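> take a look and give me a structure for this.
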Amino acid sequence: MGSYQEITPTSERTYAMNPIMGPFIEPGTILSGKFRVVELLGAGGMGSVYRVDHLLMERQFALKCMNKFQEENASWRRFQNEAKAAYMLDHPNLLKVFELGLLDSGQPFFLMEVVEGRTLADEIKAIAHLPVDRAVRIFIQVAFALGYAHERKIIHRDVKPSNIMLVPPKSEYEVEGIKVVDFGIAKLTGVDEFNQQTLTRTGEVFGSPFYMSPEQCAGLAVDHRSDLYSLGCVFYEALTSAPPFMGETALATMMKHQSDVQLSLKEASLGVSYPAALEAIICKLLEKDPDNRYQSANLLASDLIALERAIDENKQEITRRNPVLLSVNPENGFKSAAARALKTMTLSKLAVFGVSMYLLGAASLYALMYVMNKQGVKTALVEPAPVQQQLNQQGSEYWSQIEPDRAHPGKTKKTFYFPDNKVVGLLIAANGSTGLARGRVTAPTNMKTGFLAGDFITPEYIDKFRPDEISVFDFNAETVDSSYFNAIKKFEDMRILNVSGTAFSDKDLPVLGSFKKLQYLNLSHTDVDCAKMLKLPNIYNLNGIELSHTDGCDAFIKNITKFPRLYEIIVSVNGFTDSDIAGLAKSKTLRVIDLSTNTISDKGVANLLPIKTLEWLDLSRTVVTPKVVDILKQFPNLKKVELGLREWPPTVKANIIRELKEFNPKIEVYFRDAYTHDQSILTDFVWQGHGFLGHANTKRLIPPPPTDSITEHRGAPSSSSP
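Here you go, the predicted structure:
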């Protein structure tokens, strides 16, 4: 059996078998007649990364090559795997690979973008721990990056701080970005023979012990949820300055992942208080059983976005008005996580590492008892309501009760009594405040509320909401079917419905007819034929709709003039060309249009000039050129333009911004991806909370685009267009 070898800094060791070391390439060396080596950026056992000048393109790139020639061993297969995985991915938060090949020497290489910035590991080392709001912003991007890779059946398997690059903003119009790097031990599920079964047969164990999932530590099969556990470890370290489990040796650390229960963020940081929702998110990420973790990175991103909004609003409002808008008193998430961990630790699993594991498990029991008995201060997103005895709601018809508000004599409040042993979703208030639907959650009686359904939601749980208390329903759950959709028909004040990423199909369309007040509908990534939806009379009262990655969307666009109050439309990822969107120009009301990830050119944008009401246009991941600025200046009311990540020279971007600001000094121009939605489009209904954002469902995978195409072609024309 081979020996382990450190190939990255000792603080986060990635272990592989039998690494290859070789000579470095001197600066100034010309490779393959087109790459001039500038400097060595980094090196490991598998390969080295150099900054190079591309002599033909007059640009700098990063070139990664193996330290030795092609050999049929683990390092060669890992190098192939990283190249293949990275080349398949094209996402703003993932390192872009431009070219694969062999150097004249026979060394395999791939050419990738140069990322200027520092790693998250370096940042943690420099400042100890990140502020909560900054950490949440960073990990939203990490979640989106991993979610994109997972949708394409690629698992990273080595998520750690040194593999997350922090990219500083290049201008006042950008924010701090991230890049997830190093797919050297990625798993391409179902793509080639480089899979977990092969690795297990050869005895190769991969990963960084501080961040490895329990199943990864045990050499068991892993899926995308292993990455989410690793992400949880990194998130934990970013907040507390130390990973959740640290043993004296790599093996001891790996055993702790399987048996120990992490300290809460408050305990690990020696008394710093964190939002209760953040504690719960970390707890869910670090579940020992993959089935109890987040089931997709996009579900995690949705929760983090909701948390980010709540934090931002709390910062803005806490000093100006009474903060008791929505309070949450969740059950100690670490108690339930610990109990589930012990239940899943069967004797057969304990036997994996023999008696030492059993003894470590016994030791962790004392730690478990300590965590369960230690009651720290729970910090909610807003001030918590006074602690009261929870009611047993097993026999109650509804979750909620109207009770006297002791803090405001003469007034009442609404208290929800959810199950105390599971999170069934997220309760949302109209002002954006949120509370995990677990245990007791209190909200003002007169405020509109919504619900974001979690993985544990059931039709029976939906029935326990009163018909008049839910105005927004967001199915952020992967396994719902028609029985769930039928359960929401009773909500008489439904204003916003989000079924994105679910199995909602044509047979479920009658459900929409029940909502006479419906103002916003998200059908993205569903199986609905949009043309058939046009038979529902209440649809024509919508203020906004998202139809990304749906069939028959062309029929909806052709009937755009029948929607007198439609102010926002999102039709991303539909395989549209200029002619497909031409019908939008007939609208007299549209203010927000999202055309991202479609083959839309400058001509297609020009076709929309008749829309005098247009205020916000998203052209991210389209084929427009810098000349589109001349067209954009002709929209009289344009306030926001998203052009996405472009490889245009900085001077070109600066000129576009300058020209547009000469046209409108207050216009906002984004060369990045932003969330395209205007909350003001809803008439007579103010909603600042969650519920609009689409969901990508990992169980309804979108295949990667063809190599000769820039987008995923769904958007099939409807056969039943009216």
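
> now do the domain split for this structure, please.
Split into domains by automatic domain parsing, the chain comes to 4-112, 118-309+329-373, 495-681.

> and those, which one is worst for confidence?
For the domains of the chain, mean pLDDT drops lowest on domain 4-112, to a mean of 70.

> can you list the domains of the chain in JSON lines and add distance to Thr479 and mean neighbour count?
The C-beta positions use only the backbone N, C-alpha and C, and glycine is treated the same way. Putting the domains of the chain into JSON lines (distance: least, Cβ to Cβ, whole Å; neighbours: other Cβ atoms under 10 Å) gives the following:
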{"stretch": "domain 4-112", "distance to Thr479": "26", "mean neighbour count": "17"}
{"stretch": "domain 118-309+329-373", "distance to Thr479": "9", "mean neighbour count": "20"}
{"stretch": "domain 495-681", "distance to Thr479": "9", "mean neighbour count": "19"}
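
> and those domains: which comes nearest Val472?
domain 495-681 (4.2 Å; Cβ to Cβ).

> report the distance from that closest one to the chain centre.
Centroid displacement of domain 495-681 relative to its chain, using Cα atoms, centre = their mean, to the nearest Å, is 22 Å.

> over to stretch 410-420?
31 Å.

> tell me the contacts of Pro214?
Counting by Cβ atoms under 8 Å, 6 or more residues apart in numbering, Pro214 touches 229, 257-258, 288.

> ok, for it, nearest residue in space, not its chain neighbours?
Gln258 (4.5 Å; Cβ to Cβ, 6 or more residues apart in numbering).

> cool, and Arg225?
Pro290 (4.1 Å).

> angles on the backbone of that neighbour, please.
Dihedral pair for Pro290: phi -60, psi -30, per degrees, to the nearest 10.

> mind checking how far it is from Pro409?
49 Å (Cβ to Cβ, to the nearest Å).

> about what we covered before: which two among the contacts of Pro214 are spaced furthest apart?
Among those, Tyr229 and Gln258 lie farthest apart (Cβ to Cβ), at 11.4 Å.

> isn't Leu542 right up against Pro564?
No: using Cβ atoms under 8 Å, Leu542 is not in contact with Pro564; the gap is 10.2 Å.

> ok, now how distant is the residue of the chain most remote from its centre from Arg293?
The outermost residue of the chain, judged against the average C-alpha position, is Gly410 (43.3 Å), by Cα atoms, centre = their mean. Distance of Gly410 to Arg293, computed by Cβ to Cβ: 45 Å.

> rewinding a little: so how far is Lys266 from the residue nearest to Pro214?
Using Cβ to Cβ, Gln258 is found at 24 Å from Lys266.

> check Lys603 too.
Note on Lys603: its distance to Lys266, by Cβ to Cβ, is 57 Å.

> please apply the same query to Glu58.
With Cβ to Cβ as the criterion, Glu58 and Lys266 are 53 Å apart.

> surely Asp90 meets Lys96?
Yes: Asp90 is in contact with Lys96 according to Cβ under 8 Å; the separation is 6.6 Å.

> which neighbours do these two share?
Residues touching both Asp90 and Lys96 (Cβ under 8 Å, 6+ apart): there are none.

> got a list of contacts for stretch 51-64?
Contacts of stretch 51-64 from elsewhere in the structure, counted by Cβ under 8 Å, 6+ apart, are 30-31, 33-41, 47-50, 82, 98, 109-115.

> please read the previous query as pertaining to stretch 671-680.
Against stretch 671-680 from outside (Cβ under 8 Å, 6+ apart): 92, 173-175, 177, 305, 544, 567-568, 570, 591-592, 594, 596, 615-616, 618, 620, 642-646, 653, 687-688, 692-693.

> 7 Å instead, please
Residues outside stretch 671-680 that contact it (Cβ atoms under 7 Å, 6 or more residues apart in numbering): 92, 174, 568, 570, 591-592, 594, 616, 618, 620, 642-646, 653, 687-688, 692-693.
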